[in-house]
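Enquirer: requesting a structural model of the entry that follows:
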Amino acid sequence: MSRFIDNVLMMDTIRRWKGRFNTIDDNDATHAFRAASLGLFNGLIESKKYGVNINTAEVVSRLLCHDLVEGTTGDVLGPVKHATPVTAAAFEAYERTEGEALINLLPSSMRKEFHRFVVEAKDETYEGQMVDVVDKLDALIKMNMERKLNGVEYETGYRAQLKKVQTVYENPSVVFFLAYVLHDLDYVTS
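Expert: Now for the predicted structure:
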């Protein structure tokens, strides 16, 4: 069980966006907090404003834990993970195996929930889809901040991520985010 807790405690040492020049430092712990906060925001927008039946606590729990396996695997850039279908399947299998090994360190009474939070975080349930959505929105926010100070490195990625979010996700909270929130984040950080 201590190895599981070690992974949690090491989240702030797992650097994100490796291989790119970063003006704004980012790590898995910061990402998990940002994503959980965005998940809470989006979940409440969906349930309170649009009447969607969503378990916001489940979304937040999954977002807090969805990258815990990176304490073992490290953070591998998306373009590397998804370079080919074979590579994507191999990384998915590897992360699933490592996630299950991590969950098996917990008492049996906790494994079912943590399996959902860690291994099945982005499953086909609405909550799992929301985890995927929020993960993409957090990347969009990060690239938006970076492109203001480092446009060469992040502008193309920002545009590609924005297009993906606009064309793939139709959740009410995503439409709300794109219409009312994103433009307010279009600022120069300093």
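
Enquirer: show me what the helix or strand of the chain with the lowest mean pLDDT is packed up against.
Expert: Taking mean pLDDT, DSSP states H and E as the measure, the helices and strands of the chain show their lowest mean at helix 78-81, namely a mean of 81. Under the contact definition 3 or more Cβ pairs under 8 Å, 6 or more residues apart in numbering; DSSP states H and E, helix 78-81 sits against helix 85-103. Any C-beta I mention is one placed from the backbone N, CA and C, and that applies to glycine too.

Enquirer: would you mark the buried spots in the helix it packs on?
Expert: Within helix 85-103, the residues that count as buried by 16 or more other Cβ atoms under 10 Å are 91, 95, 98-99, 102-103.

Enquirer: same question, stretch 34-45
Expert: Of the residues in stretch 34-45, those buried (16+ other Cβ under 10 Å) are 34-36, 38-43, 45.

Enquirer: keep only those of the residues you listed that are in helices.
Expert: Of the positions in the buried residues of stretch 34-45, 34-36, 38-43 sit in helices, assigned by DSSP state H.

Enquirer: is it possible to get TSV of those that adds pLDDT and distance to Asn7?
Expert: Output for those, formatted as TSV (pLDDT from 0 to 100; distance: Cβ to Cβ, whole Å):
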residue	pLDDT	distance to Asn7
Arg34	96	19
Ala35	97	17
Ala36	98	17
Leu38	97	22
Gly39	98	20
Leu40	98	23
Phe41	97	26
Asn42	97	26
Gly43	97	25
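
Enquirer: is Glu146 in contact with Asn22, as I believe?
Expert: Yes. With contacts defined as Cβ atoms under 8 Å, Glu146 counts as touching Asn22 at a distance of 6.8 Å.

Enquirer: which one of those two is surrounded by more residues?
Expert: Neighbours were tallied for Glu146 and for Asn22 using other Cβ atoms under 10 Å; the higher tally belongs to Glu146 (23 against 18).

Enquirer: report the contact partners of that one.
Expert: The contact partners of Glu146, by Cβ atoms under 8 Å, 6 or more residues apart in numbering, come to 22-24, 153-154, 158.

Enquirer: 10 Å instead, please
Expert: Going by Cβ atoms under 10 Å, 6 or more residues apart in numbering, Glu146 touches 17, 20-24, 26, 153-155, 157-158, 189.

Enquirer: buried set for the helix or strand Ser61 falls within?
Expert: With the criterion set as DSSP states H and E, the secondary-structure element containing Ser61 is helix 56-65. Applying a neighbour-count criterion of 16+ other Cβ under 10 Å, the buried positions in helix 56-65 are 56, 58-65.

Enquirer: for the spatially most central residue of the chain, which non-adjacent residue is spatially closest?
Expert: The residue at the geometric middle of the chain, judged as the C-alpha nearest the mean C-alpha position with Cα atoms, centre = their mean, is Asp135 (2.9 Å). Sequence neighbours aside, Ala35 is the residue nearest to Asp135 in space, at 6.2 Å (criterion: Cβ to Cβ, 6 or more residues apart in numbering).
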